[in-house]
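>>> how does the following fold in three dimensions:
(one chain, ligands or ions: 1)
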Amino acid sequence: MVKQVVTTICFVLFHCIISYWAFTSSCSIHSSTKIIIPAVARYFGTKGRYEEVNAYLIDDILAINNSLVTLPSSKCSEIHLTAIIRHGTRYPTIKNIQKMREFYDLVVRDATGNLNCLSEIKSQWKMWYTDDMDGRLVDKGREDHRHLAQRLIKWFPSLLTEENVRHGRVKLITSSKHRCVNSTIAFREGLMEGLRIEAELELAVNDALMRYFDQCERFVKEVENNKSALQEVKSFNEGPEMKRVMEKMADRLVVPFASITDDSVEAGFFLCAYEFAIQELNPPWCQLFDEVDAQVMEYAGDLKQYWKRSYGHEINSKSSCILFHDLFHRLDQVVTQINSDGIVSEAVTVQVGHAETLLPLLTLLDLFKDDIPLSSTNFATQHNRIFRSGKIVPYAANLLVVLYKCPEGIRMGVRLNEKSLTLPGLTDPVPMYEDVKKRYRALLEGCDQETVCKINNS
Ligand SMILES: O=P(O)(O)O[C@H]1[C@H](OP(=O)(O)O)[C@@H](OP(=O)(O)O)[C@H](O)[C@@H](O)[C@H]1OP(=O)(O)O
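The predicted structure is shown next:
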């Protein structure tokens, strides 16, 4: 018995030592059995893997975790699902590929530090990102959607059925961007594979719904094309926390401080994030950041999301009125059909878009709202903030709205990234649909896209 315990302890210790050694002694371990996750992976924000939000998927990508979801009573049955989903893992955008290339060139040309990872970057790592990759979906991104479709079949076995597909009761809508179209195609493949049927589903491209932000004139003028709208991001990038990250980077590389900018540390952080998300590598770039640096980089990214897509400016959320009304219009239609002949014409609607499609809508619903706004000066006190883009909109982030028919009436459940959410202002995690409508009455009776997006010339 004692011998057995000692053997077990030795075995566990041996593996811990090997894993630790593997993690610290080389910068780019790519184990054939288990992916080594960079210590800073949870700080990648919108460039983060879906698996970081639901770690159980690392062991089984098709697993569903019932303990994260609240269901109504067993007397209820699901009658409708709307899923609004961000595209899967993608390449960096061209702007960031160029910044990454500049930083790589700087490291190769000027860095003289003696860190292991520096010599690895210089001797083994090659800049392989090219401009034409510009935000395109990668293989991992296709898998994100294929697997999500198959998990949704498990979550909603009475809605995602062969019969509903064959009778046109499952709709796929996408933004026109290639990464979204290709994600939707991958989702469809996952669905067909999971249901063991041939593709019968058409994709509908709808930018008015999935890229409403481009078409909201007031948003474009006041936020998208207005540098001062992101002043807090700029101030943070020029502030003491970012300066410290830059100083530490200059020390690690052994280059003059003047050659490091906030753009270069951001590029280094993106190299770390993208190599992990796309290639499942723990790349040498990640060793250039400690945990505090990563928290600062995460905050800089969250500030961008907050001021460009969320609570920072009212028009950010208001620009999603069209999507909000589209959702409730569909839900109302389902309720009407249930109350008449009981046949629901749209059992499942899948809408694929961007982080900037989901975040404004979640904001309109008052979700993930901190008491104190995120600003350039409160990094230290926002340590426990609710607004964390990596938790809210990683790749393949999904908002699931479910209607249930119950003996007492229609109920509605909301899940984000396969976890139940209680809507702010309501206590019941699966409230009566009428109570949800009361909660959002002001928006349902107003929030007119044309009016909110009109530029006020005065
Ligand atoms: O910082 P990048 O260039 O990656 O910004 C992207 C957006 O990515 P995000 O900020 O959300 O990480 C991208 O959103 P996505 O959901 O499609 O990935 C957005 O569509 C694109 O326009 C880029 O925005 P930017 O205006 O160039 O910052």
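>>> next SSE after the lowest-mean-pLDDT helix or strand in the chain?
Least confident helix or strand, the chain: helix 2-25 with a mean of 41, by mean pLDDT, DSSP states H and E. Once helix 2-25 ends, the next helix or strand along the chain (criterion: DSSP states H and E) is strand 77-86.
>>> after that following strand, next one along is what?
Remark: after strand 77-86, the chain's next helix or strand is helix 94-110, criterion DSSP H and E.
>>> please save the CA atoms from that following helix in PDB.
Listed next in PDB are the C-alpha coordinates belonging to helix 94-110 (Å, rounded to 0.1, in the frame of the first residue of the first chain):
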ATOM      1  CA  ILE A  94      -3.800  43.800 -42.200                       C
ATOM      2  CA  LYS A  95      -3.100  46.800 -39.900                       C
ATOM      3  CA  ASN A  96      -2.000  44.400 -37.200                       C
ATOM      4  CA  ILE A  97       0.000  42.100 -39.500                       C
ATOM      5  CA  GLN A  98       2.000  45.200 -40.500                       C
ATOM      6  CA  LYS A  99       2.600  46.200 -36.900                       C
ATOM      7  CA  MET A 100       3.600  42.600 -36.100                       C
ATOM      8  CA  ARG A 101       6.100  42.600 -39.000                       C
ATOM      9  CA  GLU A 102       7.700  45.800 -37.800                       C
ATOM     10  CA  PHE A 103       8.100  44.500 -34.300                       C
ATOM     11  CA  TYR A 104       9.600  41.200 -35.600                       C
ATOM     12  CA  ASP A 105      12.100  43.200 -37.700                       C
ATOM     13  CA  LEU A 106      13.000  45.300 -34.700                       C
ATOM     14  CA  VAL A 107      13.600  42.200 -32.600                       C
ATOM     15  CA  VAL A 108      15.700  40.400 -35.200                       C
ATOM     16  CA  ARG A 109      17.700  43.500 -36.100                       C
ATOM     17  CA  ASP A 110      18.300  45.200 -32.700                       C
END
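>>> which other helices and strands contact that helix?
If you count contacts as 3 or more CB pairs under 8 Å, 6 or more residues apart in numbering; DSSP states H and E, helix 94-110 packs onto helix 116-123, helix 240-253, helix 262-279. From N, CA and C alone the C-beta is placed, and that goes for glycine too.
>>> what residues does the stretch 251-400 of the chain have near the ligand?
354-356 (CB under 6 Å from any ligand atom).
>>> okay, those residues in a markdown table with pLDDT next?
Formatted as a markdown table, those follow (pLDDT from 0 to 100):
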| residue | pLDDT |
| --- | --- |
| His354 | 98 |
| Ala355 | 98 |
| Glu356 | 98 |
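>>> still on that earlier bit, so which of the helices and strands packed on helix 94-110 is the most surrounded?
Compared across the helices and strands packed on helix 94-110, helix 262-279 shows the largest average neighbour count, a mean of 23 (mean count of other CB atoms under 10 Å).
>>> what sits up against that helix?
Here helix 262-279 makes contact (CB atoms under 8 Å, 6 or more residues apart in numbering) with 30, 37-38, 40-41, 44, 47-49, 89, 91-92, 96, 99-100, 102-104, 106, 129, 138, 140, 237-238, 242, 245-246, 249, 281-283, 285-286, 288-289, 293-294, 297, 300, 395.
>>> just the buried ones out of the residues you listed, please.
Applying 16 or more other CB atoms under 10 Å to the contacts of helix 262-279, the neighbour count classes 37-38, 40-41, 44, 47-49, 89, 91-92, 96, 99-100, 103-104, 106, 129, 138, 140, 237, 242, 245-246, 249, 281-283, 285-286, 288-289, 293-294, 297, 300, 395 as buried.
>>> now Ser73. Nearest residue, chain neighbours left out?
Nearest residue to Ser73 in three dimensions, chain neighbours excluded: Cys406, at 6.7 Å (CB to CB, 6 or more residues apart in numbering).
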